[in-house]
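this one's sequence-less:
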């Protein structure tokens, strides 16, 4: 393009191109509006911010299924750097070479045949002598693309002394092999010994992007998210109450139906992994979905009667700043006669001490609970006196029980809850128990443990209050018949002989 032609470019077009060069989302929707026709959600914006920040050189992104992560990263982000020539040696890596070739093929097709791109950018592929095969191709602006499969060698991939300056790892883990610890160890060794040594560490213009969906709690992506050397984010299609994070793509009601379908098939752990990127324990899993029984709150209120005794448990945040971590308030009904524990209400969020008190007292009122248990060892400023004082000030009739944490928390949760779940004594209100089920399925490596800790405290409190399950009884049995049978047995007994009397 001549200087005269450049001077004729409208200023607004120059500004648009500058924005495209800096922002992958703007570039994608400007040049590929039919592919990126939906507004970008807050999930995508988080990904775009990480991709386009040159200060973040090692980026790990756990993204849920279905949000178009490959289109955004392996297509739009890579294409932006190809068009502007800002990266010279791009290495897209997938689980297998065939998959990498398949995912980079749309780039080749657009570079060859997209007339709109050719209007705005320098000639992309004009010299027929330059290599443009599927497994290595070079643009006229000097940018090269070298697709590879996971565990393949990357050394010697430099083109004209140019080492890789952009490596994109997209779904590199094999779902059929990820359960094999040897496979996981080999893949980790390949990442740190081969991939990260392929870039020029002396420079600051390279970037490695690792994006995928968590397939195992000990997967390479799961471990990378915990590695402080990486800038990482874990994205979820919805929150613990099934509220959608991208309603334009999938509204909340549709997510609820999908989660219920997974639950019905006994695959709720798969839903958590695929759509919420929560690593579910496998080998040492203590709680499984088939242990989660549900009940209808309306039916419970009709049938429970006086057999149901209700409790509220407070598990406050464990840090000095009480609003930094989650606090949990759990409401449960216990039916000792029928050997059942109903988790009726649950709140898990960041709360200050006054919010905790207000929510706890409100739950006591809703459930007609007369016993409030609260953990005292980690309350700090949230001590016993303010609670008792507030109860008296409000004129409430509530029995307070101080709960003191004993032994290791995860061990305490396991020992307190496992017997009740395995014997089918615990019932969940499906409208509120999403956070609890999430924590139990991920136990003992769950991201949060406030809800399951509160439920474990309930079990300990029942022990301290001498609340025990009654023996099972046949509701159709006739007690008078049992007495008559005993009398008959007495008459049939042989009389005792030789009995010494005083």
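Cool, got the structure. These figures come from a predicted structure and were not determined experimentally.

so where is the stretch 1-150 of the chain shaky, pLDDT-wise?
Within the stretch 1-150 of the chain, the segments meeting pLDDT under 70 span 1-7, 123-133.

Okay, strands next: where are they in it?
58-62, 89-94, 132-133, 136-138, 144-145, 148-149 (DSSP state E, counting those that start in this stretch).

Same list, the ones you listed, but as TSV with mean neighbour count and distance to residue 396 please.
(Glycine included, C-beta is placed from N, CA and C.) Formatted as TSV, these follow (neighbours: other C-beta atoms under 10 Å; distance: least, C-beta to C-beta, whole Å):
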stretch	mean neighbour count	distance to residue 396
strand 58-62	24	45
strand 89-94	24	61
strand 132-133	12	77
strand 136-138	18	74
strand 144-145	24	69
strand 148-149	20	65
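
Identify whichever of the ones you listed lies nearest to residue 447.
Of all the strands of the stretch 1-150 of the chain, the one in closest proximity to residue 447, counting by C-beta to C-beta, is strand 58-62 (12.0 Å).

what pLDDT does the nearest residue to residue 452 once chain neighbours are set aside get?
Closest residue to residue 452 apart from its sequence neighbours, by C-beta to C-beta, 6 or more residues apart in numbering: residue 439 at 4.5 Å. Listed pLDDT for residue 439 reads 91.

Who are the packing partners of whichever strand or helix holds residue 439?
Using DSSP states H and E, the element containing residue 439 is helix 434-442. Packed against helix 434-442, as judged by 3 or more C-beta pairs under 8 Å, 6 or more residues apart in numbering; DSSP states H and E, are the following elements: helix 268-276, strand 340-349, helix 450-464.

Show me which parts of it are buried, residue by residue.
Buried residues in helix 434-442, counted by 16 or more other C-beta atoms under 10 Å: 434, 435, 436, 437, 438, 439, 440, 441, 442.

now what about it, what contacts it?
217, 240-242, 268-269, 272, 276, 278-281, 285-289, 292, 328, 330, 343, 346, 348, 417, 421, 428, 446, 448-452, 455 (C-beta atoms under 8 Å, 6 or more residues apart in numbering).

Of the residues you listed, which count as buried by neighbour count?
217, 240, 242, 268-269, 272, 276, 278-281, 285-289, 292, 328, 330, 343, 346, 348, 417, 421, 428, 446, 448-452, 455.

hmm, who's touching stretch 292-300?
In contact with stretch 292-300 (C-beta under 8 Å, 6+ apart) are residues 268, 308, 333, 342, 344, 421, 424, 426-431, 433, 437, 440.

what's the closest of the residues you listed to residue 153?
Nearest to residue 153 among the contacts of stretch 292-300, counting by C-beta to C-beta, is residue 268 at 40.2 Å.

Nearest spatial neighbour of that closest one, chain-adjacent residues omitted?
residue 289 is the one closest to residue 268 (C-beta to C-beta, 6+ apart), at 4.4 Å.

ok, now residue 431?
Residue 431 sits nearest to residue 297 (C-beta to C-beta, 6+ apart), 7.2 Å away.

What of residue 17?
In space, residue 17 is closest to residue 120, 7.1 Å off (C-beta to C-beta, 6+ apart).

With residue 287 instead?
residue 440 (4.0 Å).

if I look at residue 434, how far off is residue 78?
Using C-beta to C-beta, to the nearest Å, one gets 37 Å for the distance from residue 434 to residue 78.

er, residue 451 actually
Relative to residue 78, and taking C-beta to C-beta, residue 451 is found at 41 Å.

The residue nearest to residue 28 when sequence neighbours are not counted and residue 221, how far apart?
In this structure, residue 28 finds its nearest non-sequential neighbour in residue 76, 3.8 Å apart by C-beta to C-beta, 6+ apart. According to C-beta to C-beta, residue 76 stands 21 Å off from residue 221.

Between the two, point out the one with more neighbours.
Set side by side, residue 76 and residue 221 show more neighbours around residue 221, with 27 against 23, by other C-beta atoms under 10 Å.

Bridge partners for residue 208, pull those for me.
residue 58, residue 167 (DSSP bridges).

show me what contacts it?
Taking C-beta under 8 Å, 6+ apart as the test, what residue 208 contacts is 57, 58, 59, 167, 169, 195, 196, 199.

Now do the same contact list for the second one.
If a contact means C-beta under 8 Å, 6+ apart, then residue 58 has 196, 207, 208, 210, 229, 230, 231 as its contacts.

Of the contacts of residue 208, just say which sits nearest to residue 398.
residue 59 (50.2 Å).

From what I see, that closest one and residue 48 are in contact.
No: checked against C-beta atoms under 8 Å, the pair residue 59 and residue 48 is beyond contact range at 11.3 Å.

who touches both of those two?
Residues touching both residue 59 and residue 48 (C-beta under 8 Å, 6+ apart): none.

on that earlier part again, please report which of the contacts of residue 208 has the highest neighbour count.
residue 169 (27 neighbours).

so the host helix or strand of that residue versus strand 89-94, what angle?
Using DSSP H and E, residue 169 sits in strand 166-170. For strand 166-170 against strand 89-94, the angle by axes from the mean of the first three to the mean of the last three C-alpha atoms, to 10 degrees is 10 degrees.

quick one: strand 166-170 to chain centroid distance?
23 Å (C-alpha atoms, centre = their mean, to the nearest Å).

Please report how far residue 242 lies from residue 297.
From residue 242 across to residue 297, the span is 17 Å (C-beta to C-beta).

what's the answer for residue 21, then?
On the measure of C-beta to C-beta, residue 21 and residue 297 end up 55 Å apart.

same thing with residue 264?
The separation that residue 264 has from residue 297, given C-beta to C-beta, amounts to 19 Å.

same question, residue 221
38 Å.

Might you report the residue contacts of residue 310?
Residue 310 touches 331, 332, 333, 334, 344, 367, 368, 369, 370, 371, counting by C-beta under 8 Å, 6+ apart.

of all the residues you listed, which comes closest to residue 179?
Relative to residue 179, and with distances defined as C-beta to C-beta, the nearest of the contacts of residue 310 is residue 332, at 35.4 Å.

Quick check: that closest one is in a strand.
Yes: when classified by DSSP: H, G, I helix; E, B strand; the rest coil, residue 332 is found to be part of a strand.

where along the stretch 151-300 of the chain do the strands fall?
Assigned by DSSP E, counting those that start in this stretch, the stretch 151-300 of the chain shows strands spanning 166-170, 207-212, 231-234, 293-294.

Between these, which one is closest to residue 408.
Per C-beta to C-beta, nearest to residue 408 of those: strand 231-234, 25.7 Å.

which ones are touching the nearest residue to residue 199 once chain neighbours are set aside?
For residue 199, ignoring the flanking residues on the chain, the nearest one in space by C-beta to C-beta, 6+ apart is residue 206 at 4.1 Å. Residues in contact with residue 206 (C-beta under 8 Å, 6+ apart) are 57, 163, 164, 165, 166, 167, 199, 200.

quick one: residue 206 and residue 241, what's the gap?
For residue 206, the distance to residue 241 - C-beta to C-beta - is 41 Å.

ditto for residue 273
On the measure of C-beta to C-beta, residue 273 and residue 241 end up 18 Å apart.

go on, residue 306?
For residue 306 relative to residue 241 (C-beta to C-beta), the value is 32 Å.

go on, residue 432?
8 Å.

what's the answer for residue 441, then?
Applying C-beta to C-beta to residue 441 and residue 241 gives a distance of 16 Å.

again, but for residue 256
From residue 256 to residue 241 the distance is 9 Å (C-beta to C-beta).

give me the beta-bridge partners of the spatially closest residue to residue 98 that is not a sequence neighbour?
Among residues not flanking residue 98 along the chain, residue 149 sits closest, at 7.5 Å (C-beta to C-beta, 6+ apart). On the basis of DSSP bridges, residue 149 is bridged to residue 94.
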